[in-house]
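only the shape, not the letters, is given here:
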C-alpha cells in the first residue's frame, strides 16, 4: 500500500516517486557520452573517479549526514574545500552532459561518471543505480574535514585517522585498503594538493600496480620544499604518508600483500566497496519499512 492510499502526503522519497524518476533518462546513453568524454582526453578518467569519491566520502553513519545524495559539491563551502581543489574542472566538464539529460540529478551524474571511468580504464564493472536527488541551492550542508588527509604528522596518527574516517562511513579495514587502491589512478598536482607525481607508471589504467609498487619498491622521503611524501629510486613515482601507513600497520599490510599478488581479489573487493561508497547517504537506497514506505 502506498502513501496516497494511507492518506499520507506523497514525499519525494516515496517508492512511487523513485520508480518514476529514472524512466526519464536513458542511462545507457549517458554512459556512452561519458565514454566519449574519456576518449577525448583520458586524463579525465582519474579526475571523475576523484569527483565521485569526494562527493560520497562525506558520509557519517552515526549522524546520518553527508554522502552522495544532494549533489552538494556544486555549492560553497564544500566546492572550495582544500580537499576538493581542482574538482571544479571535473564538474564543469560534466555540465554539457547534464544539459543533455536535464532529468538526471547532478548526484547521479557525478557518481556514474566515476563508475564509468573505472570501467573505461580497464577496471571492474561496478553496480550502479539512479535515485539520488539534488539540493536546489546552497550553501552545502556537509562538513569540512570529513575526507581523508594524506598526513597527520606520524604514521601512527595517520593510521588512526584513516580508521576514524572510514569507520565513520561504515567501512572495515579490508575495505579501507581496497578503496585506497584507487591510487592506482591519477597523480597529485602541486597546485591542488601540494604533492606531485603519479603513484604508478600507468595512471589511466586500473590495476593492482599501486599495491605491487608499495611492496616491491624502496620508498624514501623526498627531499624538497613541499610536504612530506615518499619517492621511488627513479624519483618519478610517489607515495603519500597515508599510503605508507598501509605498510606500517600490520592489519592493513596483510591486505596490501594479498592485493599485490592477486589482481582479481583486489578488483572484486574494490568493486563491492566502491558500489557501497557511491550509495552512502541516499534515502532511495535505504530499506523499505512498513507499508512499503521508505
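Nice, I can see it. If you're wondering where the values come from, they're calculated on a predicted model, not measured in any experiment. Numbers count the residues shown, from 1 in each chain.

and the closest residue to residue 104 other than its chain neighbours, how close does it get to residue 51?
Setting aside the residues directly before and after it, residue 104 is nearest to residue 25 in space (C-beta to C-beta, 6 or more residues apart in numbering), at 4.6 Å. The C-beta positions use only the backbone N, C-alpha and C, and glycine is treated the same way. For residue 25, the distance to residue 51 equals 19 Å [C-beta to C-beta, to the nearest Å].

for the most centrally placed residue in the chain, give me its contacts.
Nearest to the centroid of the C-alpha atoms of the chain, with distances taken as C-alpha atoms, centre = their mean, sits residue 53, at 1.5 Å. The contact partners of residue 53, taken as C-beta atoms under 8 Å, 6 or more residues apart in numbering, are 114, 179, 182, 277.

what about the longest helix in this protein?
Ranked by residue count, the top helix of the chain under DSSP state H comes out as helix 263-279.

coming back round to it: which members of the contacts of residue 53 are the farthest-apart pair?
Farthest-apart pair in these is 114 and 179; separation 12.0 Å (C-beta to C-beta).

give me the common contacts of these two.
Residues touching both residue 114 and residue 179 (C-beta under 8 Å, 6+ apart): 53, 274.

between those two, which has more neighbouring residues?
A count of neighbours by other C-beta atoms under 10 Å puts residue 114 above the other of residue 114 and residue 179, at 31 against 21.

can you give me the strands for the stretch 1-150 of the chain?
Here the stretch 1-150 of the chain has no strands by DSSP state E, counting those that start in this stretch.

which stretches of it form helices?
Using DSSP state H, counting those that start in this stretch, the helices of the stretch 1-150 of the chain run over 15-20, 27-40, 44-56, 87-100, 106-120.

out of these, which gets nearest to residue 142?
helix 44-56 (9.4 Å).

how far does that closest one sit from the chain's center?
In this view, helix 44-56 has its centroid 6 Å away from the chain centroid, taken as C-alpha atoms, centre = their mean, to the nearest Å.

next, the angle from that helix to helix 27-40.
Interaxial angle of helix 44-56 relative to helix 27-40 (axes from the mean of the first three to the mean of the last three C-alpha atoms, to 10 degrees): 130 degrees.

just want the angle from helix 44-56 to helix 263-279.
Per the same axes, to 10 degrees, the angle that helix 44-56 makes with helix 263-279 is 50 degrees.

so residue 95 versus residue 112, what's the distance?
For residue 95 relative to residue 112 (C-beta to C-beta), the value is 15 Å.

cool, and residue 93?
14 Å.

next up, the contacts around the residue lying closest to residue 246 once chain neighbours are set aside.
Nearest non-adjacent residue to residue 246, counting by C-beta to C-beta, 6+ apart: residue 252, 4.4 Å away. Contact analysis of residue 252 by C-beta under 8 Å, 6+ apart lists 159, 173, 176-177, 245-246.

confirm that residue 252 sits in a helix.
Yes: judged by DSSP: H, G, I helix; E, B strand; the rest coil, residue 252 forms part of a helix.

give me the buried positions along the longest helix of the chain.
263, 266-267, 269-271, 273-279 (16 or more other C-beta atoms under 10 Å).

same thing with stretch 85-102?
87, 90-91, 93-94, 97-98, 101.

where does the prediction get shaky in the stretch 101-250 of the chain?
For the stretch 101-250 of the chain, no stretch is flagged by pLDDT under 70.

any idea how far the residue nearest to the centre of the chain is from residue 137?
From residue 53 to residue 137 the distance is 24 Å (C-beta to C-beta).

also residue 178?
Residue 178 is 36 Å from residue 137, by C-beta to C-beta.

cool, and residue 55?
17 Å.

how about residue 26?
Using C-beta to C-beta, we find residue 26 at a distance of 28 Å from residue 137.

got a list of what the residue lying closest to residue 202 once chain neighbours are set aside touches?
The shortest distance from residue 202 to any residue other than its chain neighbours is 6.4 Å, reached at residue 209 (C-beta to C-beta, 6+ apart). Taking C-beta under 8 Å, 6+ apart, we find residue 209 in contact with 184, 200-202.
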